[in-house]
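Kindly return the folded structure for what I paste below:
(one chain, ligands or ions: 1)
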Amino acid sequence: MTDSPESLFSSLPVAVRESIASSDDPHDPVARQYLPVPDEGPVYPEEHPDPIGDEAHSPVKGIVHRYPDRVLLKIVSACAVYCRFCFRKEMVGAGKGHLGAAEIDAALSYIRSDPNIWEVILTGGDPMVLSARRMKDILTSIEKIPHVRILRIHTRVPVAAPDRITSDLAAALITEKPLYLSIHVNHLQEITPAVESALVRLHDAGCVLLSQTVLLRGVNDTVDALEALFRKLVALRVRPYYLHHCDLAPGTAHFRTSIVRGQALAAALRGRVSGLCQPHYVIDIPGGFGKVNAAPCAIHQDSGGAWAATDRFGVEHPYPDRGEEKIRIV
Ligand SMILES: *Cc1c(COP(=O)(O)O)cnc(C)c1O
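Below you'll find the model as predicted:
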(Lines give C-alpha, C1' and ligand atoms only; values in the text may rest on other atoms or scores of the structure.)
Protein backbone atom coordinates (compact mmCIF):
# COMPACT_ATOMS: atom_id res chain seq x y z
CA MET A 1 0.00 0.00 0.00
CA THR A 2 1.67 3.23 -1.03
CA ASP A 3 -0.91 5.98 -0.96
CA SER A 4 -4.25 6.98 0.47
CA PRO A 5 -7.34 6.69 -1.69
CA GLU A 6 -8.14 10.39 -1.47
CA SER A 7 -4.88 11.68 -2.90
CA LEU A 8 -4.76 9.16 -5.70
CA PHE A 9 -8.30 9.00 -6.89
CA SER A 10 -9.78 12.42 -6.30
CA SER A 11 -8.21 13.65 -9.54
CA LEU A 12 -9.46 10.80 -11.70
CA PRO A 13 -12.46 11.37 -13.91
CA VAL A 14 -15.75 9.74 -13.01
CA ALA A 15 -18.31 9.51 -15.78
CA VAL A 16 -21.13 7.10 -16.15
CA ARG A 17 -24.33 7.25 -18.11
CA GLU A 18 -27.68 6.64 -16.57
CA SER A 19 -28.59 4.32 -19.40
CA ILE A 20 -25.75 1.90 -18.67
CA ALA A 21 -25.59 1.99 -14.89
CA SER A 22 -29.16 2.24 -13.79
CA SER A 23 -28.19 0.70 -10.47
CA ASP A 24 -26.11 2.22 -7.71
CA ASP A 25 -25.61 -1.20 -6.14
CA PRO A 26 -21.82 -1.62 -6.04
CA HIS A 27 -22.30 -5.35 -6.72
CA ASP A 28 -24.23 -4.76 -9.92
CA PRO A 29 -21.94 -6.04 -12.70
CA VAL A 30 -22.32 -2.85 -14.70
CA ALA A 31 -22.25 -0.29 -11.86
CA ARG A 32 -19.19 -2.01 -10.36
CA GLN A 33 -17.18 -1.08 -13.45
CA TYR A 34 -17.67 2.67 -13.02
CA LEU A 35 -18.42 3.60 -9.44
CA PRO A 36 -15.55 4.33 -7.06
CA VAL A 37 -15.60 1.98 -4.08
CA PRO A 38 -13.54 1.89 -0.87
CA ASP A 39 -11.72 -1.25 -2.12
CA GLU A 40 -9.77 1.03 -4.43
CA GLY A 41 -7.77 2.19 -1.45
CA PRO A 42 -4.86 -0.22 -1.55
CA VAL A 43 -2.24 0.40 -4.20
CA TYR A 44 0.21 -2.46 -4.34
CA PRO A 45 3.88 -2.19 -5.33
CA GLU A 46 3.32 -4.18 -8.53
CA GLU A 47 0.71 -1.66 -9.71
CA HIS A 48 1.85 1.10 -12.02
CA PRO A 49 0.35 4.22 -13.66
CA ASP A 50 1.55 2.94 -17.07
CA PRO A 51 1.11 -0.80 -16.50
CA ILE A 52 1.69 -1.97 -20.06
CA GLY A 53 4.52 0.42 -20.88
CA ASP A 54 2.91 2.68 -23.50
CA GLU A 55 5.45 5.40 -22.71
CA ALA A 56 8.43 3.17 -23.44
CA HIS A 57 7.30 2.75 -27.05
CA SER A 58 6.04 6.21 -27.94
CA PRO A 59 8.30 7.72 -30.64
CA VAL A 60 6.03 10.76 -31.16
CA LYS A 61 3.09 12.08 -29.18
CA GLY A 62 -0.02 9.98 -29.73
CA ILE A 63 1.79 6.99 -31.29
CA VAL A 64 2.66 3.74 -29.50
CA HIS A 65 4.83 1.53 -31.69
CA ARG A 66 5.57 -1.69 -29.88
CA TYR A 67 5.26 -4.27 -32.66
CA PRO A 68 6.90 -3.66 -36.05
CA ASP A 69 3.78 -4.08 -38.19
CA ARG A 70 1.24 -2.00 -36.26
CA VAL A 71 0.90 1.21 -34.27
CA LEU A 72 -1.60 2.67 -31.88
CA LEU A 73 -2.76 6.18 -32.69
CA LYS A 74 -4.29 7.97 -29.71
CA ILE A 75 -5.99 11.15 -30.90
CA VAL A 76 -8.29 11.90 -28.00
CA SER A 77 -7.86 11.21 -24.33
CA ALA A 78 -11.55 11.52 -23.47
CA CYS A 79 -13.92 8.57 -23.16
CA ALA A 80 -17.69 8.31 -22.96
CA VAL A 81 -17.26 6.55 -19.62
CA TYR A 82 -14.34 6.01 -17.25
CA CYS A 83 -13.84 2.44 -16.17
CA ARG A 84 -12.30 2.12 -12.72
CA PHE A 85 -10.02 -0.70 -13.92
CA CYS A 86 -8.77 1.13 -17.03
CA PHE A 87 -5.08 0.44 -17.70
CA ARG A 88 -4.79 4.01 -18.98
CA LYS A 89 -6.76 5.47 -16.05
CA GLU A 90 -3.89 7.84 -15.26
CA MET A 91 -3.69 9.07 -18.87
CA VAL A 92 -7.32 9.50 -19.86
CA GLY A 93 -9.77 12.28 -19.20
CA ALA A 94 -10.96 15.28 -21.16
CA GLY A 95 -8.01 17.47 -22.19
CA LYS A 96 -5.31 15.19 -20.75
CA GLY A 97 -3.43 14.41 -23.90
CA HIS A 98 -5.44 14.89 -27.04
CA LEU A 99 -3.55 15.79 -30.18
CA GLY A 100 -3.64 19.20 -31.79
CA ALA A 101 -3.61 19.60 -35.60
CA ALA A 102 0.20 19.83 -35.80
CA GLU A 103 0.58 16.80 -33.55
CA ILE A 104 -1.80 14.77 -35.71
CA ASP A 105 0.30 15.74 -38.74
CA ALA A 106 3.46 14.64 -36.96
CA ALA A 107 1.87 11.31 -36.00
CA LEU A 108 0.72 10.74 -39.60
CA SER A 109 4.22 11.61 -40.87
CA TYR A 110 5.64 9.00 -38.55
CA ILE A 111 3.26 6.36 -39.99
CA ARG A 112 4.11 7.48 -43.55
CA SER A 113 7.84 7.21 -42.85
CA ASP A 114 7.80 3.55 -41.84
CA PRO A 115 6.78 1.07 -44.55
CA ASN A 116 6.62 -1.75 -42.00
CA ILE A 117 3.43 -0.25 -40.56
CA TRP A 118 0.72 -2.46 -42.03
CA GLU A 119 -2.04 -1.61 -39.56
CA VAL A 120 -3.10 1.52 -37.66
CA ILE A 121 -5.18 1.10 -34.52
CA LEU A 122 -7.14 4.13 -33.35
CA THR A 123 -7.50 4.03 -29.60
CA GLY A 124 -7.40 6.54 -26.80
CA GLY A 125 -9.26 7.64 -24.80
CA ASP A 126 -11.94 6.64 -27.22
CA PRO A 127 -11.69 7.63 -30.89
CA MET A 128 -15.45 7.23 -31.36
CA VAL A 129 -16.09 10.42 -29.38
CA LEU A 130 -14.85 12.26 -32.49
CA SER A 131 -17.41 13.92 -34.72
CA ALA A 132 -18.30 12.13 -37.95
CA ARG A 133 -16.42 14.76 -39.94
CA ARG A 134 -13.20 14.42 -37.92
CA MET A 135 -13.44 10.64 -38.01
CA LYS A 136 -13.80 10.69 -41.79
CA ASP A 137 -10.83 13.08 -42.14
CA ILE A 138 -8.53 11.00 -40.03
CA LEU A 139 -9.50 7.67 -41.62
CA THR A 140 -9.07 9.17 -45.08
CA SER A 141 -5.59 10.47 -44.23
CA ILE A 142 -4.55 7.08 -42.91
CA GLU A 143 -6.07 5.20 -45.83
CA LYS A 144 -4.06 7.28 -48.28
CA ILE A 145 -0.81 5.84 -46.90
CA PRO A 146 -0.09 3.01 -49.34
CA HIS A 147 1.67 0.62 -46.96
CA VAL A 148 -1.15 0.80 -44.40
CA ARG A 149 -3.49 -2.02 -45.41
CA ILE A 150 -5.67 -2.40 -42.33
CA LEU A 151 -7.51 0.08 -40.12
CA ARG A 152 -8.65 -0.81 -36.64
CA ILE A 153 -10.65 1.05 -34.00
CA HIS A 154 -10.80 0.13 -30.32
CA THR A 155 -13.85 1.64 -28.65
CA ARG A 156 -16.31 1.43 -25.80
CA VAL A 157 -18.74 3.95 -27.35
CA PRO A 158 -21.10 1.42 -29.02
CA VAL A 159 -21.68 -0.06 -25.55
CA ALA A 160 -21.33 3.00 -23.32
CA ALA A 161 -23.04 5.57 -25.54
CA PRO A 162 -24.78 3.74 -28.40
CA ASP A 163 -26.72 6.90 -29.32
CA ARG A 164 -23.43 8.37 -30.55
CA ILE A 165 -23.33 5.79 -33.35
CA THR A 166 -25.43 7.95 -35.62
CA SER A 167 -25.89 7.15 -39.28
CA ASP A 168 -23.40 9.98 -40.00
CA LEU A 169 -20.74 8.45 -37.78
CA ALA A 170 -21.41 4.99 -39.24
CA ALA A 171 -21.09 6.46 -42.75
CA ALA A 172 -17.71 7.94 -41.79
CA LEU A 173 -16.52 4.39 -41.14
CA ILE A 174 -17.14 3.25 -44.71
CA THR A 175 -13.59 2.88 -45.95
CA GLU A 176 -11.96 1.21 -48.92
CA LYS A 177 -9.43 -0.63 -46.81
CA PRO A 178 -10.78 -3.14 -44.31
CA LEU A 179 -11.80 -1.59 -41.00
CA TYR A 180 -11.88 -3.83 -37.94
CA LEU A 181 -13.80 -2.39 -35.03
CA SER A 182 -13.26 -3.90 -31.62
CA ILE A 183 -15.79 -3.06 -28.94
CA HIS A 184 -14.93 -3.19 -25.27
CA VAL A 185 -17.72 -5.06 -23.48
CA ASN A 186 -17.61 -7.00 -20.22
CA HIS A 187 -21.09 -8.22 -19.33
CA LEU A 188 -24.27 -9.36 -21.07
CA GLN A 189 -26.21 -6.72 -19.13
CA GLU A 190 -24.33 -4.01 -21.02
CA ILE A 191 -25.88 -5.14 -24.30
CA THR A 192 -29.15 -3.23 -24.36
CA PRO A 193 -31.48 -2.96 -27.37
CA ALA A 194 -29.83 0.41 -28.17
CA VAL A 195 -26.42 -1.30 -28.20
CA GLU A 196 -27.76 -4.01 -30.51
CA SER A 197 -29.01 -1.35 -32.96
CA ALA A 198 -25.67 0.46 -32.86
CA LEU A 199 -23.92 -2.82 -33.73
CA VAL A 200 -26.25 -3.33 -36.68
CA ARG A 201 -25.37 0.16 -37.98
CA LEU A 202 -21.65 -0.58 -37.63
CA HIS A 203 -22.00 -3.92 -39.35
CA ASP A 204 -24.01 -2.33 -42.16
CA ALA A 205 -21.18 0.17 -42.61
CA GLY A 206 -18.93 -2.76 -43.44
CA CYS A 207 -16.95 -2.89 -40.22
CA VAL A 208 -15.64 -6.28 -39.17
CA LEU A 209 -16.76 -6.45 -35.55
CA LEU A 210 -14.58 -7.86 -32.79
CA SER A 211 -14.76 -7.58 -29.03
CA GLN A 212 -12.41 -7.20 -26.13
CA THR A 213 -13.38 -8.15 -22.59
CA VAL A 214 -11.49 -7.54 -19.38
CA LEU A 215 -11.73 -10.40 -16.91
CA LEU A 216 -13.09 -8.68 -13.79
CA ARG A 217 -13.67 -10.13 -10.35
CA GLY A 218 -17.25 -9.60 -9.27
CA VAL A 219 -18.32 -8.64 -12.82
CA ASN A 220 -17.74 -11.51 -15.24
CA ASP A 221 -15.48 -14.04 -13.50
CA THR A 222 -17.80 -17.03 -13.87
CA VAL A 223 -18.11 -19.44 -16.79
CA ASP A 224 -21.83 -18.64 -17.00
CA ALA A 225 -21.25 -14.89 -17.28
CA LEU A 226 -18.55 -15.29 -19.93
CA GLU A 227 -20.51 -17.89 -21.88
CA ALA A 228 -23.64 -15.71 -21.95
CA LEU A 229 -21.65 -12.67 -23.06
CA PHE A 230 -19.71 -14.42 -25.83
CA ARG A 231 -22.75 -16.28 -27.17
CA LYS A 232 -24.66 -13.00 -27.35
CA LEU A 233 -21.79 -11.25 -29.12
CA VAL A 234 -21.43 -13.99 -31.71
CA ALA A 235 -25.20 -13.88 -32.29
CA LEU A 236 -24.79 -10.14 -32.96
CA ARG A 237 -22.02 -10.79 -35.52
CA VAL A 238 -19.25 -9.77 -33.14
CA ARG A 239 -16.32 -12.17 -32.90
CA PRO A 240 -14.82 -12.26 -29.37
CA TYR A 241 -11.14 -11.44 -29.85
CA TYR A 242 -9.39 -10.92 -26.52
CA LEU A 243 -10.17 -11.75 -22.90
CA HIS A 244 -7.68 -9.56 -21.06
CA HIS A 245 -6.31 -10.42 -17.69
CA CYS A 246 -6.91 -7.23 -15.70
CA ASP A 247 -3.78 -5.05 -16.01
CA LEU A 248 -1.86 -3.81 -12.98
CA ALA A 249 -3.22 -0.25 -12.89
CA PRO A 250 -3.15 1.48 -9.49
CA GLY A 251 -5.99 0.55 -7.13
CA THR A 252 -7.42 -2.28 -9.26
CA ALA A 253 -6.54 -5.31 -7.12
CA HIS A 254 -10.19 -5.84 -6.17
CA PHE A 255 -10.95 -6.36 -9.87
CA ARG A 256 -8.17 -8.85 -10.54
CA THR A 257 -8.66 -12.61 -10.50
CA SER A 258 -5.69 -14.89 -10.04
CA ILE A 259 -4.10 -16.20 -13.23
CA VAL A 260 -4.97 -19.73 -12.09
CA ARG A 261 -8.65 -18.81 -12.03
CA GLY A 262 -8.41 -17.02 -15.37
CA GLN A 263 -6.91 -20.16 -16.86
CA ALA A 264 -9.57 -22.36 -15.30
CA LEU A 265 -12.26 -20.13 -16.82
CA ALA A 266 -10.59 -20.21 -20.24
CA ALA A 267 -10.34 -24.01 -20.08
CA ALA A 268 -13.96 -24.38 -18.96
CA LEU A 269 -15.14 -22.21 -21.87
CA ARG A 270 -13.08 -24.30 -24.27
CA GLY A 271 -14.94 -27.35 -23.03
CA ARG A 272 -18.44 -26.04 -23.47
CA VAL A 273 -18.92 -23.37 -26.12
CA SER A 274 -18.39 -23.00 -29.84
CA GLY A 275 -14.94 -22.00 -31.00
CA LEU A 276 -16.51 -18.80 -32.32
CA CYS A 277 -17.18 -17.81 -28.70
CA GLN A 278 -13.56 -18.27 -27.56
CA PRO A 279 -11.47 -15.14 -27.27
CA HIS A 280 -7.73 -15.44 -26.65
CA TYR A 281 -7.02 -15.09 -22.94
CA VAL A 282 -4.00 -12.76 -22.79
CA ILE A 283 -1.83 -10.90 -20.35
CA ASP A 284 0.10 -7.76 -21.18
CA ILE A 285 3.61 -8.02 -19.72
CA PRO A 286 4.35 -5.04 -17.46
CA GLY A 287 6.98 -2.68 -18.85
CA GLY A 288 5.92 -2.75 -22.51
CA PHE A 289 6.98 -6.27 -23.49
CA GLY A 290 3.69 -7.03 -25.18
CA LYS A 291 0.68 -9.30 -25.00
CA VAL A 292 1.13 -13.02 -24.62
CA ASN A 293 -1.14 -16.01 -24.54
CA ALA A 294 -2.21 -16.80 -20.97
CA ALA A 295 -4.51 -19.74 -21.69
CA PRO A 296 -3.50 -23.13 -20.38
CA CYS A 297 -1.81 -25.31 -22.98
CA ALA A 298 -3.45 -28.69 -23.48
CA ILE A 299 -0.45 -30.41 -25.00
CA HIS A 300 2.72 -31.34 -23.15
CA GLN A 301 5.87 -33.39 -23.57
CA ASP A 302 7.04 -35.90 -21.00
CA SER A 303 10.69 -36.15 -19.97
CA GLY A 304 11.29 -38.72 -22.72
CA GLY A 305 10.02 -36.29 -25.37
CA ALA A 306 6.66 -37.99 -26.00
CA TRP A 307 3.69 -35.70 -26.50
CA ALA A 308 0.31 -36.01 -24.84
CA ALA A 309 -2.86 -33.96 -25.09
CA THR A 310 -5.45 -33.46 -22.37
CA ASP A 311 -9.06 -33.48 -23.55
CA ARG A 312 -11.90 -31.40 -22.16
CA PHE A 313 -12.70 -34.00 -19.54
CA GLY A 314 -9.14 -33.89 -18.21
CA VAL A 315 -8.16 -37.22 -19.78
CA GLU A 316 -4.67 -37.46 -21.25
CA HIS A 317 -4.06 -39.06 -24.65
CA PRO A 318 -0.75 -39.78 -26.38
CA TYR A 319 -0.13 -37.74 -29.52
CA PRO A 320 2.36 -39.38 -31.88
CA ASP A 321 4.87 -36.90 -33.24
CA ARG A 322 8.01 -37.95 -35.12
CA GLY A 323 9.72 -34.60 -34.82
CA GLU A 324 11.95 -33.23 -37.55
CA GLU A 325 15.65 -33.47 -38.26
CA LYS A 326 16.08 -29.74 -38.61
CA ILE A 327 13.57 -27.20 -37.52
CA ARG A 328 13.56 -24.11 -39.64
CA ILE A 329 10.86 -21.50 -39.24
CA VAL A 330 11.08 -18.67 -41.69
C1 LIG B 1 -2.57 -4.38 -27.78
C2 LIG B 1 -1.65 -3.59 -28.59
C3 LIG B 1 -1.63 -3.72 -29.98
C4 LIG B 1 -2.56 -4.65 -30.72
O5 LIG B 1 -2.19 -5.95 -30.51
P6 LIG B 1 -2.94 -7.15 -31.29
O7 LIG B 1 -2.39 -8.35 -30.65
O8 LIG B 1 -2.61 -7.00 -32.74
O9 LIG B 1 -4.41 -6.93 -31.05
C10 LIG B 1 -0.73 -2.99 -30.70
N11 LIG B 1 0.12 -2.15 -30.10
C12 LIG B 1 0.13 -2.00 -28.77
C13 LIG B 1 1.11 -1.05 -28.16
C14 LIG B 1 -0.75 -2.71 -27.96
O15 LIG B 1 -0.74 -2.53 -26.64
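
Tell me the bridge partners for the residue in the stretch 151-300 of the chain positioned nearest to the ligand.
Residue nearest to the ligand within the stretch 151-300 of the chain (C-beta to the nearest ligand atom): Lys291, separated by 5.3 Å. C-beta: built from backbone N, CA, C; applies to glycine. Beta bridges link Lys291 to Asp284, judged by DSSP bridges.

count of neighbours near it?
Using other C-beta atoms under 10 Å, Lys291 is surrounded by 16 other residues.

before we move on, what about Pro59?
Neighbour count of Pro59, defined by other C-beta under 10 Å: 12.

three-state assignment of it?
When classified by DSSP: H, G, I helix; E, B strand; the rest coil, Pro59 comes out as coil.

how close does the spatially closest residue to it that is not a sequence neighbour get to the ligand?
Of all residues not flanking Pro59 in the chain, His65 sits nearest, at 5.6 Å (C-beta to C-beta, 6 or more residues apart in numbering). The gap separating His65 from the ligand is 7 Å, by C-beta to the nearest ligand atom, to the nearest Å.

Residues contacting the helix or strand His65 falls within, please?
For His65, the host element (DSSP states H and E) is strand 63-67. Residues outside strand 63-67 that contact it (C-beta atoms under 8 Å, 6 or more residues apart in numbering): 53-54, 57-59, 71-74, 107, 110-111, 114, 117, 288, 290.

Same check on stretch 214-221?
Residues contacting stretch 214-221 (C-beta under 8 Å, 6+ apart): 27, 29, 32-33, 83, 85, 184, 186-187, 213, 225-226, 229, 243-246, 254-257, 261-262, 265, 281.

same question, stretch 184-196
19-20, 29-30, 33, 154-156, 158-159, 162-163, 211-214, 216, 219-220, 225, 228-229, 232-233, 236.

if I read this right, Pro36 contacts Arg84, doesn't it?
Yes - the pair Pro36 / Arg84 is scored as a contact, 6.5 Å apart, by C-beta atoms under 8 Å.

Settle it for me: which of the two has more neighbours?
Arg84 (23 against 15).

Quick check: pLDDT value at that one.
At Arg84, the model reports a pLDDT of 93.

can you tell me which residues contact it?
For Arg84, the contacting residues are Gln33, Tyr34, Leu35, Pro36, Val37, Glu40, Gly251, Thr252, Phe255, by C-beta under 8 Å, 6+ apart.
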